[in-house]
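Participant: Sequence plus the predicted model coming up.
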Amino acid sequence: MAGEPKTLSPENIMQELSRLFMRETHDRQVYCVFGPYDRLRPFQKRVQEETARGGFNTTHGRVEYISFNKDLISHLKALGKYEQAGTLADRRRDQQLKAILSDAFRDLVTKRIEAPGTLALFLADFELLYSYDLGGHDISLARQVAINGKRVCLLVPGAWRDGRLWIFDEDQESRAVFPDTLLFTGSGWVFELS
């Protein structure tokens with residue numbers, strides 16, 4: 001059915017992503033792979049390993065992997081804002097902390113995708129982003145940077161119900177609708193892990 005995710009094995013999704021990274025394009029390219037944690041975690045590990053060894057790289061450029069839970073903290077340290085963020089968290093200055101995290105998130109993604117020779121980013125581990133409600137749960141930056149031949153692939157812990165992707169579906173308190181603007185379902189770029 002048009003507009004529905006493709007349910008594929010991890011191996012077939014890897015092949016589809018490789019094919020998408022290899023083709024020439026100039027329009028907006030946002031891909032999404034989702035599934036419950038027990039299927040997503042092993043897939044993420046495999047993607048991370050494949051990315052580290054250059055397995056997704058093409059003549060168009062290299063593909064990189066960003067784990068927000070790890071790389072956002074490292075980026076805060078590189079920016080010299082980690083201590084300030086810790087102090088704000090301790091003092092429950094949530095709005096100020098959210099602003100610092102949002103700025104660091106934007107800076108990290110923008111710098112990584114705009115680096116010379118970079119074709120695409122895998123974005124994973126959204127827990128930190130959702131904990132602090134960065135961008136109002138709309139990580140629209142992924143859509144903004146996936147232009148002019150650049151691509152972004154989102155690795156999302158979630159489930160498809162009622163025509164929507166529910167992120168963190170396994171946790172009643174954290175469950176939220178993933179932004180529809182990041183799901184190009186009509187293009188066949190949304191994959192559910194079987």
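Facilitator: Received the coordinates, thanks.

Participant: For Thr58, give me phi and psi.
Facilitator: With angles defined as degrees, to the nearest 10, Thr58 sits at phi -130, psi -180.

Participant: That one - nearest residue in space that isn't next to it in sequence?
Facilitator: With sequence-adjacent residues excluded and distances taken as CB to CB, 6 or more residues apart in numbering, Thr58 is closest to Met22, at 4.9 Å. Yep, even glycine has a C-beta here, placed from its N, CA and C like the rest.

Participant: Run a quick neighbour tally on that neighbour.
Facilitator: As a burial measure, Met22 scores 13 neighbours (other CB atoms under 10 Å).

Participant: contacting residues for Leu17?
Facilitator: Contacts here follow CB atoms under 8 Å, 6 or more residues apart in numbering; on that basis Leu17 touches Tyr31, Val33, Phe56, Cys153.

Participant: ok, what's across the strand from the second one?
Facilitator: The one in question is Val33. According to DSSP bridges, the residues that bridge with Val33 are Leu155, Phe191.

Participant: quick one on the thing from earlier: let me know the closest of the contacts of Leu17 to Phe178.
Facilitator: Nearest to Phe178 out of those is Val33 (CB to CB; 12.1 Å).

Participant: I figured that closest one hits Gly158, correct?
Facilitator: No - when contacts are counted by CB atoms under 8 Å, Val33 is not listed as touching Gly158 (10.2 Å).

Participant: Which residue of the two possesses the greater neighbour count?
Facilitator: With neighbours defined as other CB under 10 Å, Val33 and Gly158 compare such that Val33 has more, 27 against 24.

Participant: contacting residues around Arg62?
Facilitator: Taking CB under 8 Å, 6+ apart as the test, what Arg62 contacts is Gly54, Phe56, Gly117, Thr118, Leu119.

Participant: before we move on, what about Ser194?
Facilitator: Thr7, Leu8, Ser9, Pro10.

Participant: Let's see that with 7 Å instead.
Facilitator: Contact analysis of Ser194 by CB atoms under 7 Å, 6 or more residues apart in numbering lists Thr7, Leu8, Ser9.

Participant: Inside strands: which ones of those?
Facilitator: Thr7, Leu8 (DSSP state E).

Participant: Apart from its neighbours in sequence, what residue is nearest Ala89?
Facilitator: Leu97 (5.5 Å).
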